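Trainee: okay, here's the prediction I keep looking at, along with the sequence it came from:
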Amino acid sequence: MQYDIRRLDIYRKVPKDLTEPTYTGACISIISCLFIAFLFLSELMSFLTVEVVSEMYVADPASQDERIPVQIDISISKMECKFVGLDIQDDMGRHEVGFVENVQRDPINDNAGCRFTAKFKVNKVPGNFHISTHSATEQPDALDMAHVIHSIQFGDTVHQNLNLPVSFNPLANREHSGTNALNSFDYFLKVVPTVIEDVGGKQLSNPYQYTYAFREYLQYGHGHNIIPAIWFRYDLSAITVKYIEKRKPLYSFMTTICAIIGGTFTVAGIIDSLIFTATGVFKKAQLGKLN
């Protein structure tokens, strides 16, 4: 005797002539389909959206470069370019006055000011770099370090399309004219190593974010001379912050879609059945056939 595989069908079909369509059922069906479409689109957008999560850990110093790239871009509005220079110091004994490698000076304000840009590397120890006239062969008649910071960045440049709740360049567009032309400006930077990974676990970049504090004061040099400067004193955090891009897995998306469709149709079927039964009872009550 041949086994009929149709016996395994758990979705038995009812002939159409044995079913009864109703206006209530049609309304519930339309509402259910619209509800399913809404939830499906919501879940699809959630599935396609990349979520950024963060974690913190102590990085292995051997796995990182020994030096950190730094990029600075500053406009000094009242100092000629020939007087402006970059000095770098740190706790490892580095002391460079008049750093010239990858340094660019562009005159502004009819040669009365200077836009100063530079790229250099610093050791992973506390230190400072500052813009001053210390390396100039002659000092200007009037000293004034009024400035606008266009950019101060550590590490790799971050892609603009990455929407991260971070501070990679918080000093951008910071302006100080000074209450006294001879004042110096101090920026104290707390630098935090940062790692950014994409959905596949590939490291996109290794920037450094930072916070800062500021003070303005009158600074005396050797011989009690007043020598204003723009100081950036930095210290590194031992904690590394990692930002990881994550997307909802496909199996989770499919499970949710099945739950939406199945759950909606089940609930809609129950509601339709209750309404149909209640309608039948009401009609029998009107005809006096509830006995």
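Mentor: That came through, no problem.
Trainee: now the element after the host helix or strand of Glu175, going C-ward?
Mentor: In the assignment (DSSP states H and E), Glu175 maps to strand 174-176. Using DSSP H and E, the helix or strand that directly follows strand 174-176 along the chain is strand 183-197.
Trainee: tell me the secondary structure at Phe154.
Mentor: Counting by DSSP: H, G, I helix; E, B strand; the rest coil, the backbone at Phe154 sits in strand.
Trainee: now for it: which residues touch it?
Mentor: Taking CB atoms under 8 Å, 6 or more residues apart in numbering as the contact definition, Phe154 lies against 68-70, 191, 207-208, 210, 234. In short, each C-beta sits where N, CA and C put it, glycine included.
Trainee: can you map out the strands along the protein?
Mentor: 51-58, 67-76, 85-90, 95-97, 103-108, 113-123, 127-132, 147-155, 174-176, 183-197, 203-205, 207-218, 230-236, 239-246 (DSSP state E).
Trainee: beta partners for Ser75?
Mentor: Under DSSP bridges, the beta-bridge partners of Ser75 are Arg115, Val148.
Trainee: OK, contacts around it?
Mentor: Ser75 makes contact with 108, 113-116, 147-148, 150, according to CB under 8 Å, 6+ apart.
Trainee: hmm, 7 Å instead?
Mentor: By CB atoms under 7 Å, 6 or more residues apart in numbering, the residues touching Ser75 are 108, 113, 115, 147-148, 150.
Trainee: filter those to the buried ones?
Mentor: With burial judged by 16 or more other CB atoms under 10 Å, the buried subset of those is 113, 115, 147-148, 150.
Trainee: for Val14, grab the count of nearby residues.
Mentor: 7 (other CB atoms under 10 Å).
Trainee: relative to Ala278, how far out is it?
Mentor: 22 Å (CB to CB, to the nearest Å).
Trainee: ok, now how distant is Gln104 from Thr117?
Mentor: Taking CB to CB, one finds Gln104 at 5 Å from Thr117.
Trainee: out of those two, which sits in the busier spot?
Mentor: Using other CB under 10 Å, the more surrounded residue of Gln104 and Thr117 is Thr117, with 16 against 11.
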